[in-house]
Each structure stands twice: as C-alpha cells, then as structure tokens.
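Colleague: next input, structure requested:
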Amino acid sequence: MAQPRLSRFLMASAGTLTVALLAACTGLPKVAPSYAVHDFGGPDPVAARSLGFPLRNIEVVAAPWLASTAMQYRLAYAQATRRQGYVESRWAAQPAQLVELALKRAIRTGEAGAAGACRLRVELDEFVQVFDRETASRGVVEARAVLLAPRTDQIVASRSFSLVQPAPSADALGGVSALRGGVQGLGSELFGWLDALDREGAARSGGSLRSRCGA
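Modeller: Sure thing, here's the model as predicted:
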C-alpha cells in the first residue's frame with residue numbers, strides 16, 4: 001500500500017507545482033505600455049489646388065530607415081549620426097503613407113486617375129525631428145520628385161526638395177507640428193514646380209505638360 005500513497009503524493013506535488021507556475025505566469029503584465037498615436041489631422045481647410053494637366057497617380061516611397069511607424073529624432077548636438085525613436089509616441093502609419101495622403105489632399109488634377117496620364121513619384125529620404133540643443137528642435141523633410149511619362153515611365157522632369165520647419169516645443173508634439181508644416185510646405189513647393197513646368201512648356205510649341213501627359 002506504500003506505493004499508491006507515494007503516487008498520490010507525487011501527483012499532488014505536481015499539481016501544486018503547476019498551480020504555482022500558472023500563478024507566477026498570471027503575475028506577468030498582460031497589457032503593453034500605452035503610447036500616443038499621431039497623424040497630420042484632418043484635411044487642410046485650404047482647398048486643394050488644381051494643375052493644368054492630368055496625373056495618373058501620386059506615389060510616395062520612403063527610404064528603408066523610414067519604413068516603420070517610429071517617431072524618429074536626432075540629437076545633433078550630442079550624437080549626430082544616431083537615430084532614436086520616442087518610446088511613448090508613434091505615427092499612425094509609416095511616413096510615406098502619411099505624406100502621400102497629405103499630397104493627394106493638397107494637389108488635385110482635373111483628370112486624376114487617367115490611365116494615359118503622367119505619374120508623380122516622390123522619394124522620401126528624410127523625415128525626422130532634429131534637436132540642435134536640448135530646448136530647440138526642427139522638423140526636416142527631404143524628398144526627390146520625379147515626373148514620369150505615360151506608359152514608358154521615362155523621366156519628364158525631376159527636382160529635389162529640402163524643407164525645415166522650427167518646432168514650437170522640444171518634444172514629440174513639437175516634432176509632429178514641425179513635420180506636418182514641412183509636409184504642407186512640400187505640397188506647396190511641388191505644386192509650384194509642376195505648375196511652372198507646365199507654363200514654361202506651354203511657351204514652347206507642343207511642350208506643355210498637358211500635351212505630354214494628356215490622357
């Protein structure tokens with residue numbers, strides 16, 4: 001009869017150990033630390049401006065180091081080569097997606113979506129908050145725009161853009177405000193560049209973007 005008692009003891013001990021392990025596991029945190037999620041807000045109250053020629057699409061592609069929702073910053077005064085990210089703040093989407101939506105809201109074409117129209121590709125190289133000192137920062141947006149011809153995707157024109165917007169505060173909220181302003185500036189400069197290209201081309205016979213990017 002000794003053996004059954006030993007078996008019952010071992011089974012009871014094993015059960016006690018299992019309960020203890022389960023209790024220990026349930027003591028671990030189940031909810032990840034919360035963080036704030038930011039975007040650029042709703043559409044700008046200023047109406048989108050229309051180009052004089054059609055665009056098939058506006059596409060924004062980002063450099064590999066911007067392929068996440070991390071809200072990045074750089075301490076230029078201490079570690080200029082190091083990218084860091086806020087722990088308690090994130091973007092609602094990757095920067096390329098946020099910038100693309102903002103540009104589509106800012107630039108409207110009369111024949112948008114035409115299959116035979118030109119395509120605007122924007123390569124986003126930088127999108128970061130830079131601290132020049134502990135109490136002062138700025139938003140930096142750098143991009144290269146390429147206007148591609150219909151069907152062949154031959155480059156019609158290209159231009160680089162670099163925009164710097166002072167941040168109203170040296171924190172994540174200040175960075176959001178500065179980068180939002182930088183993207184709004186990018187939209188304005190892109191429109192001005194494309195409009196100027198069209199006007200300059202129109203002065204030459206058959207050189208307008210409407211004739212080259214027509215549907």
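
Colleague: buried residues, the longest strand along the chain. List them.
Modeller: The longest strand of the chain (DSSP state E) is strand 118-133. Within strand 118-133, the residues scored as buried using 16 or more other Cβ atoms under 10 Å are 118-131. Every C-beta, even on glycine, is put in place using the N, C-alpha and C of the backbone.

Colleague: can I get the residues you listed in TSV with pLDDT?
Modeller: Formatted as TSV, those follow (pLDDT from 0 to 100):
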residue	pLDDT
Cys118	87
Arg119	90
Leu120	94
Arg121	96
Val122	98
Glu123	98
Leu124	98
Asp125	97
Glu126	98
Phe127	98
Val128	98
Gln129	98
Val130	98
Phe131	98
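
Colleague: among these, which pair sits farthest apart?
Modeller: Cys118 and Phe131 (39.0 Å; Cβ to Cβ).

Colleague: any low-confidence regions in this protein?
Modeller: 1-33, 45-47, 109-116, 201-208, 210-212, 214-215 (pLDDT under 70).

Colleague: tell me the domain boundaries of it?
Modeller: 1-30, 36-212 (automatic domain parsing).

Colleague: what's the most buried one of those domains?
Modeller: domain 36-212 (a mean of 17; mean count of other Cβ atoms under 10 Å).

Colleague: from the middle of its chain, how far away would that domain be?
Modeller: Relative to the mean C-alpha coordinate of its chain, domain 36-212 is positioned 9 Å out (Cα atoms, centre = their mean, to the nearest Å).

Colleague: okay, and Ala178 sits in which element?
Modeller: helix 172-202 (DSSP states H and E).

Colleague: not including adjacent chain positions, what is the nearest residue to the residue most central in space within the chain?
Modeller: Centroid check for the chain by Cα atoms, centre = their mean gives Pro95 as the closest residue, at 0.6 Å. Nearest non-adjacent residue to Pro95, counting by Cβ to Cβ, 6 or more residues apart in numbering: Phe127, 4.4 Å away.

Colleague: look up which residues are beta-bridged to the one you found.
Modeller: With DSSP bridges as the criterion, Phe127 is bridged to Val141.

Colleague: now it: how far from Val146?
Modeller: 18 Å (Cβ to Cβ, to the nearest Å).

Colleague: okay then, goodbye and thanks.
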